[in-house]
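Asks: what's the 3D shape of this:
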Amino acid sequence: MAWLYLLAAGLLEIVWATALKYTEGFTRFGPSVLTIGAATASFFLLAHALKALPIGTAYAIWVSIGVGGVTIFGIVVFGEPASLARIGCLALILAGIIGLKVMGGQP
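Replies: Here you go, the predicted model:
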């Protein structure tokens, strides 16, 4: 169950980080509420995942899901560059997530 909490927390990180772009410095109500709500839920789920998972592994995976997701979202939705270097770096992040899951140890 902890891994599901962590996955949901990471997906919510994508939501709040993306919504943050639309807050315009927290001057727009709707995107601001979405950002704060998604961030709160993400931290809540991360906290529950940390009850059973090693903090280093869980935090790294949570951040990686967010970084990877926001980067892909930026490429697809905002037309940000999809250079070979960026895609390669995303592949390295994915390899790191897999390595942490496989070798990081699960209690």
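Asks: C-alpha only now, for contacts and for neighbours.
Replies: Will do.
Asks: Show the backbone phi and psi for the residue lying farthest from the centre of the chain.
Replies: Residue farthest from the centre of the chain, counting by CA atoms, centre = their mean, is residue 27 at 23.9 Å. Residue 27 adopts backbone torsions of phi -100, psi -10, taken as degrees, to the nearest 10.
Asks: measure it to residue 93 for me?
Replies: Residue 27 sits 33 Å away from residue 93 when distances are taken as CA to CA, to the nearest Å.
Asks: any idea which residue sits dead centre in this structure?
Replies: Note: the chain centre (CA atoms, centre = their mean) maps to residue 66, 1.9 Å.
Asks: Now name the helix or strand holding that residue.
Replies: helix 55-78 (DSSP states H and E).
Asks: sorry, back to before: ok, the residue nearest to the centre of the chain touching residue 7?
Replies: No. At 9.9 Å, residue 66 does not count as touching residue 7 under the criterion of CA atoms under 8 Å.
Asks: hmm, who's touching stretch 41-52?
Replies: 1-3, 5-6, 8-13, 58, 62, 107 (CA atoms under 8 Å, 6 or more residues apart in numbering).
Asks: Buried only: go through the residues you listed for me.
Replies: For the contacts of stretch 41-52, a burial check counting by 16 or more other CA atoms under 10 Å picks out 2, 3, 5, 6, 8, 9, 10, 11, 12, 13, 58, 62.
Asks: all helices of this protein, in order?
Replies: 2-22, 29-49, 55-78, 84-103 (DSSP state H).
Asks: most neighbours per residue, which of the ones you listed?
Replies: helix 2-22 (a mean of 21; mean count of other CA atoms under 10 Å).
Asks: what's next to that one, contact-wise?
Replies: 26, 28, 31-32, 34-39, 41-46, 48-53, 58, 61-67, 69-70.
Asks: Run through this structure and note the low-pLDDT ranges.
Replies: 104-107 (pLDDT under 70).
Asks: circling back to that earlier point, pipe the buried ones among the contacts of stretch 41-52 into a markdown table and attach distance to residue 79 per row.
Replies: A markdown table is the format used below for those (distance: CA to CA, whole Å):
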| residue | distance to residue 79 |
| --- | --- |
| 2 | 34 |
| 3 | 31 |
| 5 | 30 |
| 6 | 28 |
| 8 | 26 |
| 9 | 25 |
| 10 | 22 |
| 11 | 21 |
| 12 | 22 |
| 13 | 20 |
| 58 | 30 |
| 62 | 24 |
